[in-house]
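Peer 1: Following is a predicted model, sequence given first.
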2 protein chains.
Amino acid sequence: MANKFWSELTHRLTPYVPGEQRHGDKIVKLNTNENPYPPSPRVLEALAAVDGGALRRYPDPESVRLRTALADQHALDVANVFVGNGSDEILGLAFMAFFTAKSAQSTSPPASLQYPELSYSFYPVYCELLDIESCVRPLRDDFSIDMDAFEDNGGGIIFPNPNAPTSLAQSAQSIEALLIRVPNTLVLVDEAYVDFGAQSMVKLVNKYPNLVVSQTFSKSRSLAGMRLGAAYANNQLIEALTRVKNSFNSYPVDAVAQQAGIASISDEAYYQQTLMKVIRTRAETKLALEARGFRVLDSAANFLFVSPADKNACALYEHLNRQGVLVRFWSSASLAQWLRISIGTDEEMQALLKAIDEAEYAI
Amino acid sequence: MANKFWSELTHRLTPYVPGEQRHGDKIVKLNTNENPYPPSPRVLEALAAVDGGALRRYPDPESVRLRTALADQHALDVANVFVGNGSDEILGLAFMAFFTAKSAQSTSPPASLQYPELSYSFYPVYCELLDIESCVRPLRDDFSIDMDAFEDNGGGIIFPNPNAPTSLAQSAQSIEALLIRVPNTLVLVDEAYVDFGAQSMVKLVNKYPNLVVSQTFSKSRSLAGMRLGAAYANNQLIEALTRVKNSFNSYPVDAVAQQAGIASISDEAYYQQTLMKVIRTRAETKLALEARGFRVLDSAANFLFVSPADKNACALYEHLNRQGVLVRFWSSASLAQWLRISIGTDEEMQALLKAIDEAEYAI
């Protein structure tokens, strides 16, 4: 399909193929890293308490109350906090705010954005959308991010911590060493999964002028349906995000999402309880899979990156799919032996293990 | 302020200065074109009915149920409908999807985007953000859009109908004549205020391959706080919007907003009742202002564009502001005699008229 009214950009973009989203009572959905537990009851109370006056008026474009709640949580100033319509939108705005398009760079070759080869699949998509030169850094043999491979190139560095889909965390110490070693390069640490076991860099944003941290309410806060993310950085970097936001969409975070976010943050006990349940289930599932001969990387996230004993991940994926257990499989050669399995409830993980034990794929 | 980690784009962008957003019991807020009435009670019921399962999971990235409801409303196919985080986001995505950046054009001079001189202030902001060449077309002496001034330049044309801040509508006939006259140019009709009295072009999107229509739930549907907008076009143009959306943020419309939109559309009776109230109050306010010597343009929107008898709009604006009645004034020379006044409740308009009658500004 093509059309004469499409922009040059539209022609250039690769059409997106949505992931499988089967739903139903009998489906065990372990393929999109959603939290198996609902958000704090306070979030539902906040939704029920929204009145017509809050809906008919524009929301606070600065989301001051929500940003203040987040700032207080991390002992930062409100000027260190940015919020957006999910961390995906924040990443998109950050790519615009901090990384210069190839065509607008005077140096040749242009300063590139560096990211790990196996990483969040949206990074190359943003680079394509925004015409940003990218440089892919291979992982180490143990699947960890090779921090030494990043260069102080005056462009940028982005990586998730913990990384997806590998589930592995980098230590705060190794990230600090990087920040010090690349003082001319902006480092964006994508902490979508950090609450499940990695060390956050948020408290260091005023120490390192080249540090931006993004987080999301989608995973540990069980609010994927609400679209809410946050970024943390020194006030000048937040100003850059704000400028780009205000030139694209002044009001990305609606009034209901602002209230939901505030309610979620207020319930620390519920949040800790949910986290602990996911972390315990993760440990038990890892042991159970290892007992079945799987290789399972040390996860600091709400998913496991696993390789079955016979290494025929594709056959196992197809078997599980037929049994109504959805996990993530990639057809690329480098990942052909691996699956990514989200941590569900204990019952869902039992269903996974049962389906694995019944597998005839490995004959 | 400037920072070495800012992109070339961030340096280039003009910082946004938020509009005045005073709130309070005694404030009569007629400066942001919000609907004075709350949304349908069904919307609040939908919010209260959201469960934790809908929040912990990602929303439908395609918003199929909401788009189907909108398609049914206009006797279109779901493939003719796009939804986004407010019509601002939709306009931003549309600028990317349909208008090519200067730097990516091979022709010289580049094909430009044409829009009326007095129009939505975000159009030049998007052009700056996305490096799109713009061409401003002066209004006619009666403040109407000069449809004859638009050229078939292979670029684009965008205008609000009714226009803001003038409140004037173009007839569907005049827009059809334009669509026929510029077959090589994409025409984006921004119908943010159309429900208050102009003729929508939505039903013609499959007749004119160069037509895109954007609408919003913020005004006539009283959902400015919810951030929800829609675009209508033939399926190839919707595909362009979808490609850009999926390369920026797959899930801009959260699960709650999808439910709120569906609930709003379902309550046609409430919607018509609210519209009629705003339209009746508009007519009465226009007569009352004309009786006081004001010039008032024929409004098809939920606001009036007015010039006071002594033409000292700035003094009147300042007087009203001191009285707690907020209206919109622009300091630019061409608008120095004009105010934009949103239609509030009857009580709010009485407060406006009372404050005008008490004005000592015109001594």
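Peer 2: Alright, I've got the coordinates.
Peer 1: and the next element down the chain from whatever helix or strand A:Ala48 lives in?
Peer 2: A:Ala48 is part of helix A:41-49 when elements are defined by DSSP states H and E. For helix A:41-49, the succeeding helix or strand toward the C-terminus, using DSSP H and E, is helix A:52-56.
Peer 1: close to chain B, is whichever helix or strand comes after that following helix?
Peer 2: Reading on from helix A:52-56 to the C-terminus, the next helix or strand found by DSSP H and E is helix A:64-73. No. Using C-beta under 8 Å from any C-beta of the partner chain, helix A:64-73 never reaches chain B; the gap is at least 10.7 Å. Placement of C-beta: from N, CA and C, glycine included.
Peer 1: For whatever helix or strand comes next after helix A:64-73, which outside residues touch it?
Peer 2: Per DSSP H and E, the first helix or strand lying C-terminal to helix A:64-73 is strand A:81-84. The set of residues that contact strand A:81-84 without belonging to it, under C-beta atoms under 8 Å, 6 or more residues apart in numbering or on different chains, is A:63, A:66-67, A:70-71, A:90, A:93, A:228-233, A:238, A:241-242, A:245, A:252-253, A:258, A:261.
Peer 1: Then stretch A:9-28?
Peer 2: With C-beta under 8 Å, 6+ apart, stretch A:9-28 has contacts from A:2, A:29, A:31-32, A:125, A:128-129, A:324-326, A:344, A:348, A:351-352, B:60-62, B:96-98, B:100-101, B:104, B:239-240, B:242-244, B:246-247, B:250.
Peer 1: Then stretch A:268-281?
Peer 2: Against stretch A:268-281 from outside (C-beta under 8 Å, 6+ apart): A:35-37, A:40-42, A:195-197, A:220-222, A:264, A:302, A:343-346, A:349.
Peer 1: A:Leu275 - how many residues pack around it?
Peer 2: Summarising burial for A:Leu275: neighbours were counted as other C-beta atoms under 10 Å in any protein chain shown, giving 18.
Peer 1: Can you tell me how far it is from A:Gln170?
Peer 2: 20 Å (C-beta to C-beta, to the nearest Å).
Peer 1: Next up, identify which helix or strand A:Glu318 is on.
Peer 2: Applying DSSP H and E as the criterion places A:Glu318 in helix A:313-322.
Peer 1: Pull the distance from the longest helix seen in chain A to the chain's centre.
Peer 2: Identified as the longest helix of chain A according to DSSP state H is helix A:268-291. Centre-to-centre, helix A:268-291 and its host chain are 19 Å apart (C-alpha atoms, centre = their mean, to the nearest Å).
Peer 1: so of the contacts of strand A:81-84, which ones are in strands?
Peer 2: Among these, the members falling in strands are A:Gly229, A:Ala230, A:Ala231, A:Tyr232 (criterion: DSSP state E).
Peer 1: Tabulate those (a markdown table), appending distance to chain B and pLDDT.
Peer 2: Shown next, in a markdown table, are the ones in strands among the contacts of strand A:81-84 (distance: C-beta to the nearest C-beta, whole Å; pLDDT from 0 to 100):
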| residue | distance to chain B | pLDDT |
| --- | --- | --- |
| A:Gly229 | 10 | 98 |
| A:Ala230 | 15 | 98 |
| A:Ala231 | 13 | 98 |
| A:Tyr232 | 14 | 98 |
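Peer 1: What sits closest to whichever residue of the stretch 51-200 of chain A sits closest to chain B if chain neighbours are left out?
Peer 2: Using C-beta to the nearest C-beta, A:Gly52 is the residue of the stretch 51-200 of chain A that sits closest to chain B, at 2.3 Å. Closest residue in space to A:Gly52, ignoring its immediate chain neighbours: B:Pro38 at 2.3 Å, by C-beta to C-beta, 6 or more residues apart in numbering or on different chains.
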